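Chemist: I need the structure of the sequence given here:
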Amino acid sequence: MIITVRNVIDYLAGKPKKLFLIDSFGAILTAFFLFVVLRNFNEYFGMPKILLTYLSVIAVCFCIYSTTCYFFLKNYWTLFISIISIANLLYCILTMGLLIFYYPHLTITGLTYFLLEIAIVCKLIYVEFHVAATIKKNGMAESC
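Modeler: You can find the predicted model right below:
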C-alpha cells in the first residue's frame, strides 16, 4: 500500500490540477451529505442542524476554492495546495471538537459518519502535504 500511495503522490505532483479537482469533488460531496442527507435525517445522526449547516457552508467554500484553483491557477502550486491542506486539517479538528462536545447526542450512525469523514479527509491531507513537499523538493510543476 505504501508503494501505491507514493505512486499517487508522484502522479499528483506532476499534475497538481487534478488534486484540486479531487478536493473540490470531495468538498461538494461533503456539503451535499451534511446539508441534504444529515439535516433531513437528523434523528439518525444527532448533530444539531445548525452545525450541519455551518459545516456544509465551510465545505462549499472549500469547493469554491479548489474549483477556482483548478480552473485559474497556473503556478505557485505548493502555496495553494498547502492552503487547502491546512484548511482541511482545521476542518477535521473542528469536526473532532464537535464530536467530543456533542458526543452524548450523537447516534452510532452519526459518530460513524463523522469519523469516516475525518479519516477520508485526513488521508487527503496526507496526500496534499506530500504532493506539496514533492513539488517543492523537485521544483516540478510550479509553473504549469
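Chemist: Please enumerate residues in contact with stretch 43-54?
Modeler: Stretch 43-54 is contacted from outside by 34-35, 38-39, 42, 98, 102, 105-107, 109-110, 113-114, using C-beta atoms under 8 Å, 6 or more residues apart in numbering. The C-beta positions use only the backbone N, C-alpha and C, and glycine is treated the same way.
Chemist: And the strands in the protein, which stretches?
Modeler: Taking DSSP state E as the test, none of the chain falls into strands.
Chemist: could you show me where the helices are in it, in order?
Modeler: 2-14, 16-32, 39-40, 49-72, 77-101, 108-138 (DSSP state H).
Chemist: how far out from the middle of the chain is the third one?
Modeler: Put plainly, it is helix 39-40. For helix 39-40, the separation from the chain centroid amounts to 21 Å (computed by C-alpha atoms, centre = their mean, to the nearest Å).
Chemist: most distant residue from the middle of this structure?
Modeler: Relative to the mean C-alpha coordinate of the chain, counting by C-alpha atoms, centre = their mean, the farthest residue is residue 104 (25.9 Å).
Chemist: now that one: how far from residue 110?
Modeler: 12 Å (C-beta to C-beta, to the nearest Å).
Chemist: Same check on residue 123?
Modeler: On the measure of C-beta to C-beta, residue 123 and residue 110 end up 21 Å apart.
Chemist: Of these two, give the one with the bigger neighbour count.
Modeler: Comparing residue 123 with residue 110 by other C-beta atoms under 10 Å, the one with more neighbours is residue 110, at 21 against 11.
Chemist: Who are the contact partners of that one?
Modeler: 38, 44, 45, 46, 47.
Chemist: For it, give its distance to residue 90.
Modeler: Taking C-beta to C-beta, one finds residue 110 at 21 Å from residue 90.
Chemist: same thing with residue 132?
Modeler: 16 Å.
Chemist: Turn the helices of the chain into TSV, columns for mean pLDDT.
Modeler: Shown next, in TSV, are the helices of the chain (pLDDT from 0 to 100):
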stretch	mean pLDDT
helix 2-14	86
helix 16-32	96
helix 39-40	95
helix 49-72	97
helix 77-101	97
helix 108-138	95
